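[1] Here is the input, now give the coordinates:
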Amino acid sequence: MRDAEPVSPLPSAPQGRPSRVTAALRRLATFWATPGVGRAGLCSPAVGFVAGLGAVGFLLALQFMYTHVLGGMMHLAMPPTPEGEAHAVAYPWPWWMVILIPTIGGLISGWLVFTFAPEAEGHGTDAMIRAFHEGGGLIRTRVPFIKAIASIVTIGTGGSAGQEGPIAQIGSGFGSFLARVLRLPTDERRILMLAGAAGGVGAIVRAPLGGALFAGEVLYSSTAFESAALLPCLASAIVAYSTFALFVTPRPVFAMPPLDFQGLADLPMYVGLTILCAAVGWLYTRSFYGLRDRAFKPLPIPRQLKPAVGGAMLGLLALAFPQVMAGGYGWVQWGAIGEPPNLLGRGESPFVPNMSMGLLLAVAVAKIAATGFTISSGGSGGVFGPSMLIGGMLGGAYGQLMHSLGIGLATEPSAFVLVGMGGFFAGVSKTPLTSIVMVSEMTGSYSLLVPLMLACGLNMAISRRWTLYEEQVPTPIDSPAHQGDFLVDVLSRIKVGAAGVRTVGVEPMVASLPFEKVARKVAGSTESLFPVIDDQGRLTGVFTLRDLRLALLGSKSWGPLVIADDLASRPIATVTIEDDLHTALRRMTESNLDEIPVVDPADPSRLVGLLSRRELTSAYSSLIETLRTDPTGPAGTDASADAASRA
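    Predicted coordinates for the structure are as follows:
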């Protein structure tokens, strides 16, 4: 292999100069076709816009179902959240309607899902995680639509499910679709899919930063994070939330009284709450998948009917605990926190919980069973909303217990509700950072960051062996999406200039050269790739022997009219001597080339030479051998250059 040496651009040849518009368009096309320029980031605002619109449509459809189905037919009036208007709480009746409506909802949802898109079964987030790790970021176009309709029917008829799973699949589905339309490579398609999920989740739960973190953190069951997705997810979440705010006034999901952290003396109380959340989280995950594997899967009935069975079981449970129906944010506000002044009548005290400690605990346990009946049976919906209710009820009950024992009287009971929501979800989802940020955004309170950090981090450490998202993998190295990262790591240490750029024997073709002369020059050449240059020596395209063979098929009729420039492929995949070999290999693979043009870093239109796969492989093998013989040696550019020169 040759040492890296400064090389001069290859000589130019006379030809007519292209217009500035043509040159600008070519440069723009070349920029867009170049991997690593942030194409996923450039597309993520568009994905966020669609995800925001999807969140608006999903929420409006749910509100319609709440009003006309749960309210009009079942007479259920759930407690309002700060976004709603004050109204009295009403429990459902008659009893047979409480059973019938969820059963019909499960029947419709099951038929939709298992007839048209079986992958839309369950809570949706797992499908997105699986598509990232094993599916190359591919989501069938119909899946988001089926998922949205089935989830609206499930939740709108009283099913115990949340909104984040469906909207994550809606946003990720559009991200995957846009990446396919633009023909982006697999790694960028995965990132754009995550950006869609981030935008949708951030908008629907009014937590844009939490949504952006959720998409990158939920992929792994450890503290690993998909860092490459962070900026596209942030861009998508910003646009999605801003789009959502055009139609829905953004307010915190929960209203909280003023909360204060009292210092070190408070931490033991929050440790106790964390242990309680971890224990109930274990019960939640075991019952969730236990019902699926041991109760619903063995049922000797068609899959389409199983969500109806789950709906009937939910209805029977709701006769005793109507609070388990639908998402449940209003029940957390009314029952565990207490209503804010704007939702109270005259003469009432704000932020007084309306449920006793025993009822709060009973509703938390009943919600675990209700969520299993709804989703484990094959129903469609998310698990975030139910998790918030369970964690909030646990926190509310724990706070009342502490006060009844005379402990922590200076701490508002609502503080335990907030910490319970974050700590519980962090444990069952393995997303501690997301839980800290998302609960703070949803409550509009950042004064309990320290207890939240304690609860989320400690619960994550305690509950490492169970998770609600069974498609998670421990770390990126366990993901098929990151197979070959060691190869990438090695190639990224070697610069193109150190691998050996061939400047001898390269045969540029003048863009205006007639086809007949092109064919004669190629026939007498041993090259397989031919750069095309203009009169200034600027690279305008490349063509291969395969391109020439295709042109020869029709050369008798139009051959005299063709010039070398007509054979050139655009946009051009190029590298500079400062690029690493990982970049070079990616661009060779995407363009299906065995050699790639190397251009001047200061002027990307100036051709320097060619880099072949053979030289690239030789440099890689040489560095691998060096690392094997001296694993403790330097791993920087100097080491890679030395290894390349010894090859």
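[2] Show me where the chain has its strands.
    Counting by DSSP state E, the chain has these strands, from start to end: 509-510, 529-533, 539-544, 575-576, 595-600, 603-612.
[3] Can you name every helix or strand that the fifth one contacts?
    Using 3 or more C-beta pairs under 8 Å, 6 or more residues apart in numbering; DSSP states H and E as the contact criterion, the elements in contact with strand 595-600 are strand 529-533, strand 539-544, strand 575-576, helix 581-591, strand 603-612. (Each C-beta comes from the backbone N, C-alpha and C, glycine too.)
[4] which stretch among the ones you listed comes nearest residue 188?
    Closest to residue 188 of the helices and strands packed on strand 595-600 is helix 581-591 (C-beta to C-beta; 10.5 Å).
[5] So which elements touch that closest one?
    Contacts defined by 3+ C-beta pairs under 8 Å, 6+ apart place helix 581-591 against helix 485-491, helix 496-499, strand 575-576, strand 595-600, helix 613-629.
[6] tell me which residues of it are tucked away?
    Residues of helix 581-591 classed as buried: 581-588, 591 (neighbour count, 16 or more other C-beta atoms under 10 Å).
[7] Including mean neighbour count and distance to residue 142, could the strands of the chain go into CSV?
    Formatted as CSV, these follow (neighbours: other C-beta atoms under 10 Å; distance: least, C-beta to C-beta, whole Å):
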stretch, mean neighbour count, distance to residue 142
strand 509-510, 22, 47
strand 529-533, 24, 41
strand 539-544, 23, 38
strand 575-576, 23, 39
strand 595-600, 22, 38
strand 603-612, 22, 42
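[8] and residue 204, which of the helices and strands packed on strand 595-600 is closest to it?
    Of those, nearest to residue 204 by C-beta to C-beta is helix 581-591, at 35.2 Å.
[9] Between the helices and strands packed on strand 595-600, which one is closest to residue 391.
    Nearest of the helices and strands packed on strand 595-600 (C-beta to C-beta): helix 581-591, 43.0 Å.
[10] if we can go back for a sec, what's the closest of the buried residues of helix 581-591 to residue 316?
    Nearest to residue 316 among the buried residues of helix 581-591, with distances taken as C-beta to C-beta, is residue 586, at 56.5 Å.
[11] per-residue confidence for the closest one?
    pLDDT recorded at residue 586 is 80.
[12] ok, now residue 404?
    We note a pLDDT of 93 for residue 404 in this prediction.
[13] burial measure for it, as a count.
    Neighbourhood size, residue 404 [other C-beta atoms under 10 Å]: 9.
[14] hang on, isn't it packed against residue 358?
    No - with contact defined as C-beta atoms under 8 Å, residue 404 does not count as touching residue 358 (11.4 Å).
[15] which residues do these two both contact?
    Shared contacts of residue 404 and residue 358, defined by C-beta atoms under 8 Å, 6 or more residues apart in numbering, are absent.
[16] Give me the buried positions along the longest helix anywhere in the chain.
    Ranked by number of residues, the top helix in the chain under DSSP state H is helix 39-65. The neighbour-count check on helix 39-65 (16+ other C-beta under 10 Å) flags 39-41, 43-56, 58-59, 61-62, 65 as buried.
[17] What residues does residue 79 make contact with?
    Listed by C-beta under 8 Å, 6+ apart, the contact set of residue 79 reads 89, 330-331, 333-335, 339.
[18] And it, how far from residue 322?
    Distance of residue 79 to residue 322, computed by C-beta to C-beta, to the nearest Å: 11 Å.
[19] What of residue 306?
    Counting by C-beta to C-beta - residue 306 and residue 322 are separated by 23 Å.
[20] related to what we said a few turns ago, worst mean pLDDT among the helices and strands packed on strand 595-600?
    Among the helices and strands packed on strand 595-600, helix 581-591 scores lowest, with a mean of 82.
[21] Leaving out chain neighbours, which residue sits closest to residue 309?
    Spatial nearest neighbour of residue 309, excluding adjacent residues (C-beta to C-beta, 6 or more residues apart in numbering): residue 377 at 6.1 Å.
[22] Quick check, pLDDT for the residue positioned nearest the centre of the chain.
    The residue lying closest to the centre of the chain (C-alpha atoms, centre = their mean) is residue 194, at 2.2 Å. Per-residue pLDDT puts residue 194 at 96.
[23] show me where pLDDT drops low in the protein?
    Counting by pLDDT under 70, the chain shows low-confidence ranges at 1-19, 22-37, 345-347, 484-489, 554-560, 627-647.
[24] Just name the closest of the buried residues of helix 581-591 to residue 427, please.
    Taking C-beta to C-beta as the measure, residue 427 lies nearest residue 582 of the buried residues of helix 581-591, at 37.5 Å.
[25] The closest one touches residue 491, doesn't it?
    Yes - using C-beta under 8 Å, residue 582 is in contact with residue 491, at 4.0 Å.
[26] What distance do you get for residue 372 to residue 47?
    33 Å.
[27] returning to that earlier point: and of the strands of the chain, who's closest to residue 233?
    strand 575-576 (28.4 Å).
[28] Tell me which strands the closest one pairs with, and in which orientation.
    strand 595-600 (parallel) (DSSP bridges).
[29] how far does the strand it pairs with sit from the chain's center?
    The chain centre lies 35 Å from the centre of strand 595-600; the measure is C-alpha atoms, centre = their mean, to the nearest Å.
[30] pull the CA atoms of that strand into PDB?
    What follows is strand 595-600, C-alpha atoms only, in PDB (Å, rounded to 0.1, in the frame of the first residue of the first chain):
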ATOM      1  CA  GLU A 595     -13.900   2.400  -6.900                       C
ATOM      2  CA  ILE A 596     -14.900   5.900  -5.700                       C
ATOM      3  CA  PRO A 597     -13.500   9.300  -6.900                       C
ATOM      4  CA  VAL A 598     -11.400  11.100  -4.400                       C
ATOM      5  CA  VAL A 599     -11.700  14.900  -4.600                       C
ATOM      6  CA  ASP A 600      -9.800  17.900  -3.200                       C
END
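[31] List of residues touching that strand?
    Contacting residues not belonging to strand 595-600 are listed as 9, 496, 501, 528-529, 531, 539, 542, 572-577, 584, 587-588, 605-613 [C-beta under 8 Å, 6+ apart].
[32] now the angle from that strand to strand 539-544?
    Interaxial angle of strand 595-600 relative to strand 539-544 (axes from the mean of the first three to the mean of the last three C-alpha atoms, to 10 degrees): 170 degrees.
[33] oh, and call the first residue 28 from now on, that's how I've got it
    New numbering, starting at 28: the last item is strand 622-627.
[34] Now do strand 622-627 against strand 556-560, angle only.
    Using the same axes, to 10 degrees: strand 622-627 against strand 556-560 is 40 degrees.
[35] okay, the angle between strand 622-627 and strand 630-639?
    Calculated by the same axes, to 10 degrees, strand 622-627 forms an angle of 140 degrees with strand 630-639.
[36] Confirm for me that residue 204 is in contact with residue 168.
    Yes - taking contacts as C-beta under 8 Å, residue 204 lies within contact range of residue 168: 5.6 Å.
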